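Colleague: got a predicted structure here, sequence first:
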Amino acid sequence: MAITRQVISTLGRDGLSLMTPEVIAYKIPDESIVSGSLLTVETNEFAVLKSRGAVLAVYETGQYPIQTPDVPILGSVVQGFFGGASPWLYEPIYVSRAKLLAKTAGIATSREMAELTYQVDFYIHVDSKEDALALVTHMPFSGHAITVAEMVQYAGPVVEQAVNQVIQVTPLEAVNEHIHEISELVKEHLGSFLKIYGLHLNDLKLLVHPRDERMREIVSLKALGLSALDAVRMYAALKMTEQGLVSAPNMAVGAPFGIGGNVMTNLPNLPLDGLVNQGR
C-alpha cells in the first residue's frame, strides 16, 4: 500500500488517455490516495472527488492537491487498525467534456403495420461542473466507466416512443414527408431525458426506411412516379432481368408472353417511358 504522494491523471505512462470516445465518465480505482496527492484535470475533463459515497468537490481544468484527513505517517498508523487498508476511500471520477457520438436503432410500424427500421445518430456533451455532478449522481457505475453504450440503453426507449408516436399514425408512403416532424419530436423528448443526467443533446440525424429490402425497392420505384401496380411490375421485371429471363419486358408493361411469341422491346404505357427514351 503506497503512502507517498502521487499524481492522479487519466493519462497512462504511454501518454494515452483513458477518456476514449466511448467513455463519458471514468472512476480511478485507487485506494492509496493520501493527503497532498495531486489531482490533474485535463482540458477536456471535469473531475468529481467522492469519499464514502459523498461528493467532496468538483474540479475544472487544472491540478489540485487533495486535502484529506490522511497524512503519510498518521495514515500508515491508522491503516494498521484497518488491516492495511485505508480508512478513507476516495474516488476521483473524471467526466469527459468532449462531444461524443451515440447511436441507437430500432423497429417501428406504420399505420398499415408495415415494419420500418429507424436509426438515430446524435451528439452529447457535458457542459458544466453542475452537469458533471448530475451525471455522477444519477447514472450508476457498473464497472470503472460509464460508456456511451450504457447511456444509449437508458435513452433507447425514449427515442423508440417518440418515433412511434408519429409513424404509427402515418401511412408508409408518407413517412418520409414527416421526417422533420419526427426528428423535432425525438429532439424534444431525448433532450429532456438526457438533461436529468447532465447531458446536453447537440446535433441529431434520423433515418427511416422499410425493414424489408423488397418493400424499400418498390417504394423507391413509386418515388419515380409509378403507380403501386406499375411499381410492383417493374420490381418483378428487374428481378427477372437479373435472372436473364426474356419475358422481363412483358412483365414490365403487363403484356402476356407465350413461347414463340413477341417480346416487348419498349415501355409505351409507363411513366418511365420518357426516361427510357431520354437515355437512348
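Modeller: Right, received. Where do you want to start?
Colleague: mind listing what's buried in stretch 22-34?
Modeller: 23-28, 32-34 (16 or more other C-beta atoms under 10 Å). Where you see a C-beta, it was placed from the backbone N, CA and C, and this is true even at glycine.
Colleague: now stretch 161-169
Modeller: Neighbour-count burial for stretch 161-169 [16+ other C-beta under 10 Å]: 162-164, 166-167.
Colleague: now what about that stretch, what contacts it?
Modeller: Around stretch 161-169, the neighbours that count as contacts under C-beta atoms under 8 Å, 6 or more residues apart in numbering are 106, 108-111, 116, 118, 120, 175, 178, 181-182, 185-186, 188-190, 206, 208.
Colleague: what mean pLDDT does stretch 238-246 have?
Modeller: Mean per-residue pLDDT for stretch 238-246: 87.
Colleague: how close does residue 208 get to residue 123?
Modeller: 20 Å (C-beta to C-beta, to the nearest Å).
Colleague: in terms of neighbours, single out the busier of the two.
Modeller: Neighbour count, other C-beta atoms under 10 Å: between residue 208 and residue 123, residue 208 has more, with 21 against 15.
Colleague: buried residues, stretch 228-247. List them.
Modeller: Buried residues in stretch 228-247 (16+ other C-beta under 10 Å): 230-235, 237, 240, 247.
Colleague: now these as JSON lines including secondary structure and distance to residue 145?
Modeller: Below are those laid out as JSON lines (DSSP: H, G, I helix; E, B strand; the rest coil; distance: C-beta to C-beta, whole Å):
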{"residue": "230", "secondary structure": "helix", "distance to residue 145": "55"}
{"residue": "231", "secondary structure": "helix", "distance to residue 145": "49"}
{"residue": "232", "secondary structure": "helix", "distance to residue 145": "51"}
{"residue": "233", "secondary structure": "helix", "distance to residue 145": "55"}
{"residue": "234", "secondary structure": "helix", "distance to residue 145": "52"}
{"residue": "235", "secondary structure": "helix", "distance to residue 145": "48"}
{"residue": "237", "secondary structure": "helix", "distance to residue 145": "54"}
{"residue": "240", "secondary structure": "helix", "distance to residue 145": "54"}
{"residue": "247", "secondary structure": "coil", "distance to residue 145": "60"}
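Colleague: closest one of those to residue 91?
Modeller: Within the buried residues of stretch 228-247, the smallest distance to residue 91 is 59.6 Å, found for residue 235 (C-beta to C-beta).
Colleague: in contact with that closest one, which residues?
Modeller: Counted by C-beta under 8 Å, 6+ apart, residue 235 has contacts 214, 217-218, 221.
Colleague: let's have these in CSV, adding neighbour count.
Modeller: Converted to CSV, the contacts of residue 235 look like this (neighbours: other C-beta atoms under 10 Å):
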residue, neighbour count
214, 11
217, 16
218, 19
221, 19
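Colleague: helices along this structure, start to end?
Modeller: 72-81, 129-138, 148-167, 179-196, 213-222, 228-242, 248-253, 273-279 (DSSP state H).
Colleague: ok so, going back, ok, of the buried residues of stretch 228-247, which one's closest to residue 259?
Modeller: Distances from residue 259 to these, taken by C-beta to C-beta, are shortest for residue 247, at 9.6 Å.
Colleague: please name the nearest non-neighbouring residue to that closest one.
Modeller: If the residues on either side of it in the chain are set aside, residue 247 comes closest to residue 257, at 4.1 Å by C-beta to C-beta, 6 or more residues apart in numbering.
Colleague: you'd agree that neighbour is up against residue 248?
Modeller: No: with contacts counted by C-beta atoms under 8 Å, residue 257 stays clear of residue 248, the gap being 9.4 Å.
Colleague: looking at those two, which one has more neighbours?
Modeller: Per other C-beta under 10 Å, whichever of residue 257 and residue 248 has more neighbours is residue 248, with 20 against 15.
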